[in-house]
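1. got a sequence here, can you build the structure:
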Amino acid sequence: MRSREQIVQRIFESQDANGFWKILAASHRNYPVCLHYVPAYKASIWTLILLADIGHDRNDERIKKPLCEITRHFFDPVHQIFCLGKDHFPIPCLNGNMIYLDCYFNGRPGEESLRALDFFYRHQRFDDGSYLNGKNEFCSNTSCYGKHTCYWGVVKLLKGISFIPKALRTDAVNRLMEKCIRFILLHRVCYSSHRKDKIMIKGMDQLSFPNMYKSDFLEILWLLRREHVRSEQLFPAIEMLKSKRLPSDEWNLERKISNMTASVGEINTPNSFITQRAAEVLDFYSGF
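-> Numbering: from 1, shown residues only. Just a heads-up that it's a prediction; the model follows:
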């Protein structure tokens with residue numbers, strides 16, 4: 001597989017003269033709303049997530065302009081959240097990813113992220129097969145707020161919050177994080193809460209990297225480790241992770257995201273990024 005340095009080199013070789021990746025033409029049907037979001041996994045937001053997930057230098061000057069621009073582009077000053085127009089409004093995975101990028105590269109949440117966090121503290125739903133507290137104005141968006149709240153939205157909100165320095169987390173942010181964690185524990189990381197032996201979403205038991213808007217069970221365990229969460233509800237996912245360890249103490253990339261700016265490795269071969277996460281998780285939960 002390519003080294004981190006090779007991946008970074010490939011990414012910045014693909015950066016255009018204005019500092020962006022794969023800019024939509026004005027004639028494209030998704031322009032301008034999905035500028036920096038489409039094409040999937042090659043546009044600027046996805047490329048920045050890739051850089052953050054591989055642990056790239058937070059202070060790289062080449063990141064500052066695209067991050068500032070996508071923050072400005074996606075932030076809706078009326079609703080005070082990041083959005084794609086009316087599509088999937090309000091979209092928690094986009095907001096979680098933007099908070100993650102903001103906090104990873106800037107070290108703390110900016111004003112836009114703080115506004116978004118306040119919105120989702122007040123409005124994020126955690127339904128599990130029925131509308132637990134009745135419907136609200138956002139339930140017409142059944143992709144994110146159907147009878148079962150979109151799991152990816154909850155995970156990405158947790159990811160964003162996890163990169164806020166603890167000293168900067170408000171009581172509201174901590175309460176939102178606690179709700180996200182409770183929802184994840186209800187599903188034992190990756191299992192249906194109604195059928196205990198069933199993987200909740202197809203493919204989430206396969207190790208993947210990077211984790212754009214979908215996650216795998218390892219990223220979720222890794223985020224819970226970051227927050228020092230210990231619960232018996234984690235046991236099945238931890239045992240599954242152990243079962244995937246190779247004799248070489250490495251883990252394979254099992255599900256590959258295509259169409260990225262730079263490849264992080266080949267499927268069914270050991271992957272250093274996945275191995276690093278897995279080792280961190282099992283080291284933290286050893287003896288638990």
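
2. which segments of this structure make up each domain?
-> Domain assignment for the chain by automatic domain parsing gives 1-76, 85-186, 194-288.

3. would you list these in a markdown table and tack on mean pLDDT?
-> Converted to a markdown table, the domains of the chain look like this (pLDDT from 0 to 100):
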| stretch | mean pLDDT |
| --- | --- |
| domain 1-76 | 96 |
| domain 85-186 | 96 |
| domain 194-288 | 96 |
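
4. any idea which of these is most buried?
-> Ranked by mean neighbour count, the domains of the chain are led by domain 85-186 with a mean of 18 (mean count of other CB atoms under 10 Å). To be clear about C-beta, it is placed using only N, CA and C from the backbone, and glycine gets the same treatment.

5. ends of stretch 153-169, what's the gap?
-> Stretch 153-169 has its terminal residues 20 Å apart, counting by CA to CA, to the nearest Å.

6. residues contacting the residue positioned nearest the centre of the chain?
-> The residue lying closest to the centre of the chain (CA atoms, centre = their mean) is residue 156, at 4.1 Å. Applying CB atoms under 8 Å, 6 or more residues apart in numbering, we find residue 156 in contact with 92-97, 100, 213, 215.

7. what about the residues you listed, which are in helices?
-> Applying DSSP state H to the contacts of residue 156, the entries found in helices are 92-97, 100.

8. of those residues, closest to residue 84?
-> Nearest to residue 84 out of the ones in helices among the contacts of residue 156 is residue 94 (CB to CB; 6.6 Å).

9. for the closest residue to that closest one other than its chain neighbours, name its beta-bridge partners.
-> The shortest distance from residue 94 to any residue other than its chain neighbours is 5.3 Å, reached at residue 82 (CB to CB, 6 or more residues apart in numbering). Assessed by DSSP bridges, residue 82 has beta-bridge partners residue 75.

10. now do the same contact list for residue 84.
-> Residue 84 is in contact with 33-34, 37, 74, 91, 94, counting by CB under 8 Å, 6+ apart.

11. could you rerun that using 10 Å?
-> The contact partners of residue 84, by CB atoms under 10 Å, 6 or more residues apart in numbering, come to 30, 33-34, 37-38, 74, 76, 91, 94.

12. taking those residues together, which two end up most distant?
-> The largest distance within the contacts of residue 84, taken as CB to CB, falls between 38 and 76 and amounts to 17.7 Å.

13. where's the nearest residue to residue 58 once chain neighbours are set aside, which helix or strand?
-> Nearest-residue entry for residue 58: residue 105, 5.2 Å, with adjacent residues in sequence omitted and distances by CB to CB, 6+ apart. Following DSSP states H and E, one finds residue 105 within helix 92-106.

14. check which helix or strand covers the residue nearest to the centre of the chain.
-> Assigned by DSSP H and E, residue 156 belongs to helix 151-162.

15. what about that helix, distance to the chain center?
-> Relative to its chain's centre, helix 151-162 lies at 6 Å (CA atoms, centre = their mean, to the nearest Å).

16. distance of residue 31 relative to residue 167?
-> Between residue 31 and residue 167 the distance is 41 Å, computed by CB to CB, to the nearest Å.

17. closest to residue 195 out of the contacts of residue 84?
-> Comparing these against residue 195 with CB to CB picks out residue 91 as the nearest, at 27.6 Å.

18. quick check: that closest one touching residue 119?
-> No - the criterion here is CB atoms under 10 Å, and residue 91 misses it with residue 119 at 11.4 Å.

19. shared neighbours, these two?
-> The overlap between the contact sets of residue 91 and residue 119 (CB under 10 Å, 6+ apart) consists of 81-82.

20. restricting to C-alpha, output the helix holding residue 105 in PDB.
-> C-alpha atoms of helix 92-106 as PDB (Å, rounded to 0.1, in the frame of the first residue of the first chain):
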ATOM      1  CA  PRO A  92     -26.500  15.600  10.500                       C
ATOM      2  CA  CYS A  93     -23.700  13.700   8.700                       C
ATOM      3  CA  LEU A  94     -22.700  16.800   6.800                       C
ATOM      4  CA  ASN A  95     -22.700  18.800  10.000                       C
ATOM      5  CA  GLY A  96     -20.700  16.200  11.900                       C
ATOM      6  CA  ASN A  97     -18.100  16.100   9.100                       C
ATOM      7  CA  MET A  98     -17.800  19.800   8.900                       C
ATOM      8  CA  ILE A  99     -17.400  20.100  12.700                       C
ATOM      9  CA  TYR A 100     -14.800  17.300  12.500                       C
ATOM     10  CA  LEU A 101     -12.800  19.200   9.800                       C
ATOM     11  CA  ASP A 102     -13.100  22.500  11.600                       C
ATOM     12  CA  CYS A 103     -11.800  21.000  14.900                       C
ATOM     13  CA  TYR A 104      -9.200  18.800  13.400                       C
ATOM     14  CA  PHE A 105      -7.500  21.500  11.300                       C
ATOM     15  CA  ASN A 106      -8.300  24.500  13.500                       C
END
